[in-house]
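Undergrad: Build me a structure from this.
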Amino acid sequence: MNQLSQPMFNQEPIHQIGSLALFYGSRFPLGATLDGQGCNFAIFAGSAKNVELCLFDEQEHELARFVLPSQYGAFHYGYIRGIKAGQLYGYRVYGDFHPEFGQVVLPKKLLIDPYTKALNRPQVWNPQLYELEDGSMVAKSMVVDEKFDWQGVSKPDIPARQTILYELHLKGFTKRHPSVPEALQGTYLGLCDPSVISYLKSLGVTTIQIMPIAAFMNESHLRNKGLTNYWGYNPIAFFAPEPRYSVDNAVEEFKTMVREMHRNGLEVILDVVFNHTAEGGKGGPIISFRGLGNYCYYLFEHNGLQPDYELYANYSGCGNSVDVSQPIVLHLVTDCLRYWAEVMQVDGFRFDLAVSVGRERAHFSPLNAFFKALEQDPILSRVKLIAEPWDIGPNGYQVGGFPYDWHECNDHYRDNIRAYWRGDEGQLGEFATRLMGSRDLFIAAFRSIHSSVNFICYHDGFTLQDLVSFDQRHNEANKEHNRDGHGHNLSANYGFEGLTQNHEINALRNRQKRNFIATLFLSQGIPHFLAGDEFGRTQKGNNNAYCQDNDISWVDWNYCERNREQVRFTQTMIHFRQRFELFSHLRLGDDSFPGDKTGMGDHGVRWYRPDGQLMTPRDWNNGLAKAIMVEYYCCCGCDEHLLVLFNASNKPLRFYLPDPGGQRGWYRWVDTQYEQVSDSEKMLTGKNTILIEHSLQLFENQSLGYIRPR
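TA: The predicted model follows:
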């Protein structure tokens, strides 16, 4: 930037207002870029004849306007000497207004810079202010100084085989945290409070996955109901951290949060939304992208061979679809990801409705330009990439269809594990497949065993406590007559709808929660754990709390104190996963399938019936079978030999264990009948054991008389 702009000062400025002098500037980089003497402004405006830069003071009073003097195709740019960090600005675009041709240029609308790195305040929808021409409704873009002291802290770079995702909402996680100072609760700085980091480390998770923090705007229909977009899946400025979560300076505070997480060995993954914007569909507001190049940024339905520019494609369900196949949009999205990964130092991304970014216009392809751009990028090819592998467009379900280096949220895993432990019939064969990394979806010849992101619960759905407490969703607070949210939850209330004081029901619910937690951390793939599930967080049966910025969604830390045993159980299962390679990085010759007996890799797997006999094809096809035993062992001399027993039936079953060999025995580490296995119950002296209904046991093969340290 310095090299490009310095020669301009040998010439007279094009225009001067007070101490601000305008020069021709540089086309790249896009956005507002500071150097030692001023700032370069560059913007893509496909529909513009002229672009006017409007400058504002801290109170948002307009100070000056400059027409950007340089143009290269649809790029407009200029350099202003005298601009400093913190300067507020926006754009007005002059050109033609032809909605039928995809052009909606209105100079009376002040626009947010798509490349702005910060907004001076939250963007709030206000229909009255929107009609005013002074731009008072629109949050102002802000010039940012990107200098920051990282204090020598680098990224943890945790391998996939060790990764344990912990999904949280930045505000909700600390809004009621008793150890976080009140002024910091619900903020970037609150999330990196020492007490919060200490808790995350003690739990054993490696990677926090934060729900969207890019600047967003609430939808008008929520405002009319007195609700708000709590989750933040309605972006308006992809590069800018949401001001709602800051105390003073969102950019610096976000960087501080990332630095302190990294200092403590924790990774940070962002949930990003590139499938739609807050401008919505037809009749939606003109705030940024639409006013700069409506036909470039969005995808439209077709009338014959021609696009119908008044009918926005809606593959997101939110009114519009961003067209990532357009060169300028591809440029914007990859620049944005690179900015978060390099400048803001995040470790990866979870892509909301990721099929949308994989479309070439309407059609998904794992070889599309976006995937190729990431694969060849020296920065983005090294970060963690997680897909929510569906949207609501044509052929929108693409689980297993993403490129080899992506990880994918696996709803097959969620549904089968829920159904199996609920006791549904016909689940056993698929249960074994899910436990082994879903190789029916992620073929071993092309995909890593870590491709599957396994989850029982996600932000959109029941919490773990609600999964075992409610038969039906209870979303009345969303004011949509309980019609929103997923209707197929595969949940159970075990005799009473909602929370209860019944001891027997609660004992079964707690055992089921332990079954879910244990299964998740014993499965091949990357485990995804929802914040608060380790201590029974409830949303009172709401399985779509996207609009509940209140106690329904905020984590209640009182449950952590009440349910310490469940927290300890979660810590135990994470500990076992990290300690035994067989639970996190199983290497089989063919990556196994239900019924495989040998394998030709470093590890082996055997499947048994409860009577100790190896499973046969007939056993796998027995729809009534709900119990199984799996043995893991090393083929290369390593000292790992494990056994897991599952009983999802409604009656106790006796399991006959395989011969441990020599002077060895089976040592029981986990029995989900109990919160912790007592020392007297750990060494199995006989050849069989009883599992009560809906329970799991985990054994390690050890030399008799030797107890491996935990």
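
Undergrad: All the strands of the stretch 251-400 of the chain, residue numbers only.
TA: Counting by DSSP state E, counting those that start in this stretch, one finds strands in the stretch 251-400 of the chain at the ranges 267-272, 300-303, 306-312, 348-351, 359-360, 363-364, 384-387.

Undergrad: Using CSV, lay out the ones you listed together with mean pLDDT and distance to His76.
TA: C-betas here are computed from N, CA, C, even on glycine. Shown next, in CSV, are those (pLDDT from 0 to 100; distance: least, C-beta to C-beta, whole Å):
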stretch, mean pLDDT, distance to His76
strand 267-272, 98, 27
strand 300-303, 92, 24
strand 306-312, 93, 22
strand 348-351, 98, 30
strand 359-360, 92, 28
strand 363-364, 94, 33
strand 384-387, 98, 33
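
Undergrad: give me the low-pLDDT residue ranges for this structure?
TA: 1-10, 589-601, 637, 685, 705-710 (pLDDT under 70).

Undergrad: Identify, by residue count, the longest helix of it.
TA: helix 503-521 (DSSP state H).

Undergrad: could I have the next helix or strand after that one exported to PDB, CA atoms only?
TA: For helix 503-521, the following helix or strand on the C-terminal side (DSSP states H and E) is strand 526-530. Provided in PDB are the C-alpha atoms of strand 526-530 (Å, rounded to 0.1, in the frame of the first residue of the first chain):
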ATOM      1  CA  ILE A 526     -14.600 -35.800  15.200                       C
ATOM      2  CA  PRO A 527     -16.900 -35.500  18.200                       C
ATOM      3  CA  HIS A 528     -19.000 -32.300  18.400                       C
ATOM      4  CA  PHE A 529     -20.400 -31.500  21.800                       C
ATOM      5  CA  LEU A 530     -23.000 -28.800  22.600                       C
END
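
Undergrad: Strand 526-530: partners in the sheet, and parallel or antiparallel?
TA: Each strand that pairs with strand 526-530, with its direction, by DSSP bridges: strand 165-168 (parallel), strand 452-455 (parallel).

Undergrad: Following the chain past the last one, name the next helix or strand.
TA: Using DSSP H and E, the helix or strand that follows strand 452-455 towards the C-terminus is helix 464-467.

Undergrad: Enumerate the positions of the helix or strand where Trp421 lies that are buried.
TA: Trp421 belongs to helix 411-422 when elements are defined using DSSP H and E. Residues of helix 411-422 classed as buried by neighbour count (16 or more other C-beta atoms under 10 Å): 411-422.

Undergrad: Ala362: which of the strands paired with strand 526-530 is closest?
TA: Each of the strands paired with strand 526-530 was scored for nearness to Ala362 using C-beta to C-beta, and the closest is strand 452-455 (26.3 Å).

Undergrad: Need the nearest residue in space to Leu467, chain neighbours excluded.
TA: On the basis of C-beta to C-beta, 6 or more residues apart in numbering, the spatially nearest residue to Leu467 that is not a chain neighbour turns out to be Ser491, at 4.9 Å.

Undergrad: what kind of secondary structure is Leu22 in?
TA: Assigned with DSSP: H, G, I helix; E, B strand; the rest coil, Leu22 falls in the strand class.

Undergrad: excluding its backbone neighbours, what's nearest it?
TA: Nearest in space to Leu22, with sequence neighbours left out and distances taken as C-beta to C-beta, 6+ apart, is His15 at 4.3 Å.

Undergrad: and Gly36, that's in a strand?
TA: No. The secondary structure assignment for Gly36 gives coil rather than a strand, going by three-state DSSP.

Undergrad: My read is that Leu311 contacts Phe300, right?
TA: Yes. Under the criterion of C-beta atoms under 8 Å, Leu311 makes contact with Phe300 at 6.1 Å.

Undergrad: If you count surrounding residues, which of these two has more?
TA: A direct count of neighbours by other C-beta atoms under 10 Å for Leu311 and Phe300 places Phe300 higher, at 20 against 13.

Undergrad: Contacts only, for the more buried one.
TA: Applying C-beta atoms under 8 Å, 6 or more residues apart in numbering, we find Phe300 in contact with 102, 307-309, 311-313.

Undergrad: List buried residues within those residues.
TA: By neighbour count, with 16+ other C-beta under 10 Å, the contacts of Phe300 hold 102, 307, 309, 312-313 as buried.

Undergrad: Relative to Glu100, how far out is the closest residue to His302 other than its chain neighbours?
TA: Closest residue to His302 in three dimensions, ignoring its sequence neighbours and counting by C-beta to C-beta, 6+ apart: Asp308, at 6.5 Å. From Asp308 across to Glu100, the span is 9 Å (C-beta to C-beta, to the nearest Å).
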